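**Q** requesting a structural model of the entry that follows:
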Amino acid sequence: SLNPVVGAITSAGLYTAPASISSSQNVNVIATSSADSTKTATATVNLQPTVSVAVSPTSATLRASQTQQFKATVTGTSNLAVTWSLNPVVGAITSAGLYTAPASISSSQNVNVIATSAGDTTKTATATVNLQGPAPPANLVATPASTSTVALTWSAAASGGLPVQNYRVYRGTTSSNLSQLAIISQTSYTDSTVTAAVTYYYAVAATDTAEDLSPISAVVKATVPTAPSAPTGLLATPVSNTTISVTWSAAASGGLPIQNYYVFRATTSSTWSHLATVAQPAYTDASGSSATEYYYAVQAADSGGDLSAMSATVSATTLALLSAPTNLVASAPSNVEVNLNWTAPPSGMPLASYSICRGTSISSLTSLKVVPATLASTTDTTVSPGTTYYYGIQAKDTGGNISPMSPVVVVTTPTNVVSLEDFGAKGDGI
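**A** Model (predicted):
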């Protein structure tokens, strides 16, 4: 029998300790005579708890010169001390469990950090440190820049101890089929060997001065844009004798934003010259000559400088300058008034007014008054009797253009007429 009943014993006297022993204790194994139960003998079994060691954390990833504090927990003994060791011996660890990675890591590898119980050297626990060389570049971005270029940028890779020296740029038409494209020292690269409308995949890896190669970065993709479509709906509208308004529909993007429009002009449909660069789909050409036909075409450009095809060609003719009024007639129905009549001139723009000019000689005409363009006659009531006057008329259109002077006409007002009554005469005797 057992006292206390801890563990088990067979009828043949085989004692088995319990599977778990939480603390040290004694168990009495008692043999009692079957012939005389008052006769016994006792043996003592001293049960000892099982020594175990645990280490936390169980793993860590470090780069050159980084540190990690490990902690060992010992159970099953009152001796809680451990000794620390490394396998392989790469880096260093203190008696307190502080691990320091080596100052230089030529390649990625694992180091076992081992805690051994001082109370039972057969009991150990192991943690794993993964030592990393150069880190993969991060934040890789591929930006389509034009129909022939893709711009790549990324963050500098963290060193594994040795300085990062170069970056290897990889490209493929699938994410699983990348080949080396370039080796550069900067954190950016412009790929100018692409084809429009093709999707490319990119990744970057870092190398240090010992040619240790990092893992590749995350793979990113970019689709190369196509050129913008040609502007449509081009319309040229005469506005004045020097101005034509040109409008069109916005061009469709090929992937990059439309940035500018190039406006071209010609006096024939083949002698083009660049007239202006604008951001909006409209332009006012104020540099024309009157009554002249001009041809226009427009080309779109995106933010990468890619040019569309030329739009369809349109033409417009600037408005003609107004002519001088014609058929001017001056008559003096009395000695204090002169009537003027004329014919409106042809004009490309609407007529706005007439300037009536008068003088006492053909060379001394000055503006007398302005009448609206709705009139084709007026009366001058500021004349004097018996005086000769010269008249001319100029027309003005709504664009502010002034016609040449009409042919000048001359008229003489009658002299004063004196009646007999003015002298007091009466009747028929005179």
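
**Q** give the burial count for Trp342, as a bare number.
**A** By other C-beta atoms under 10 Å, the residues close to Trp342 number 25. Just so you know, the C-beta spots here come from the backbone N, C-alpha and C atoms, and that holds for glycine as well.

**Q** confirm it sits in a helix?
**A** No - remark: Trp342 does not belong to a helix; assigned using DSSP: H, G, I helix; E, B strand; the rest coil, it is strand.

**Q** all further residue positions should be reported with the first residue as 236.
**A** Got it, the first residue is 236 from now on, which makes the last one we talked about Trp577.

**Q** list the contacts of it.
**A** Trp577 is in contact with Pro560, Thr561, Asn562, Leu563, Val564, Tyr589, Ala611, Ser612, Ile628, Ser641, counting by C-beta atoms under 8 Å, 6 or more residues apart in numbering.

**Q** low-confidence ranges, the stretch 336-485 of the chain, go.
**A** Residues of the stretch 336-485 of the chain that meet the criterion pLDDT under 70 lie in 341.

**Q** then the stretch 536-665 of the chain?
**A** 652-665.

**Q** Val454 and Asn401, how far apart?
**A** As for Val454, its distance to Asn401 is 19 Å (criterion: C-beta to C-beta, to the nearest Å).

**Q** burial count for the residue lying closest to Gln304 once chain neighbours are set aside?
**A** Among residues not flanking Gln304 along the chain, Leu333 sits closest, at 5.3 Å (C-beta to C-beta, 6 or more residues apart in numbering). Number of residues near Leu333 (other C-beta under 10 Å) recorded here: 13.

**Q** tell me who's in contact with Leu333.
**A** Here Leu333 is in contact with Thr302, Gln303, Gln304, Phe305 (C-beta under 8 Å, 6+ apart).

**Q** give me the buried entries from those residues.
**A** Among the contacts of Leu333, those classed as buried by 16 or more other C-beta atoms under 10 Å are Gln303, Phe305.

**Q** keep only those of the contacts of Leu333 that are in helices.
**A** Nothing among the contacts of Leu333 maps onto helices, per DSSP state H.

**Q** from the contacts of Leu333, pick the one nearest Leu603.
**A** Thr302 (102.9 Å; C-beta to C-beta).

**Q** for the closest one, what are its contacts?
**A** For Thr302, the contact set (C-beta under 8 Å, 6+ apart) comprises Leu333, Tyr334, Thr335, Ala336.

**Q** what's the spacing between the residue nearest to Gln304 and Ser313?
**A** As defined by C-beta to C-beta, Leu333 lies at a distance of 25 Å from Ser313.

**Q** before we move on, back to that, for the residue nearest to Gln304, give me the pLDDT.
**A** pLDDT recorded at Leu333 is 97.
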